[in-house]
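1. One predicted model, sequence on top.
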Amino acid sequence: MTVLIVLSVLVAVVFLLSGAASLFALAPMRERAAHIGFSVAAYRGIGALQIAGAAGLLLGLTAPVLGALAGTGLLLLLAGALIVHARNHDRGRELVPAIVCAVLVVGYLVALGGE
């Protein structure tokens with residue numbers, strides 16, 4: 001249970017912070033949106049999805065089905081991010097956050113399944 005709690009909180013914090021930065025269209029997020037060819041409004045939508053996913057992970061501590069749905073949704077969001085990065089021929093530094101987050105979400109889903 002402890003691993004699940006740690007992963008839930010860790011992943012939720014990461015997505016909450018990233019989602020808030022996108023939702024509030026902070027300068028680095030506007031630059032990333034422009035780099036990948038997304039509008040600021042589209043990036044704000046992604047930020048809202050990240051925040052919803054973070055909330056779902058935390059709710060998953062009491063309602064595991066919600067946690068599983070949120071984790072799956074975040075994994076799909078990350079798959080989309082990796083596809084967008086690949087289309088833009090991004091390498092290394094641009095890919096690392098999405099890959100690390102995907103590994104964390106998979107770890108969360110595995111821990112959730114083990115409960």
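-> Yep, it's here. Numbers count the residues shown, from 1 in each chain.

2. use CA for all of it now, contacts and neighbours both
-> Fine.

3. Find the least confident helix or strand in this protein, judged by mean pLDDT.
-> Counting by mean pLDDT, DSSP states H and E, the chain has its least confident helix or strand at helix 27-36, which shows a mean of 90.

4. Tell me the helices and strands packed up against that helix.
-> Packing partners of helix 27-36 (3 or more Cα pairs under 8 Å, 6 or more residues apart in numbering; DSSP states H and E): helix 2-23, helix 40-59.

5. List the contacts of that helix.
-> Outside helix 27-36, the residues that touch it by Cα atoms under 8 Å, 6 or more residues apart in numbering are 21-22, 39-40, 43, 84-85, 88.

6. 10 Å - rerun?
-> 18-19, 21-25, 37-44, 47, 81, 84-85, 87-88, 90, 94 (Cα atoms under 10 Å, 6 or more residues apart in numbering).

7. ChimeraX command to pick out the buried ones of those?
-> Per 16 or more other Cα atoms under 10 Å, the buried members of the contacts of helix 27-36 correspond to this ChimeraX selection:
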select :18,19,21,22,23,25,40,43,44,47,81,85
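
8. Output the below-cut-off pLDDT ranges for this structure.
-> For the chain, no stretch has pLDDT under 70.

9. remind me, longest helix of it?
-> helix 64-87 (DSSP state H).
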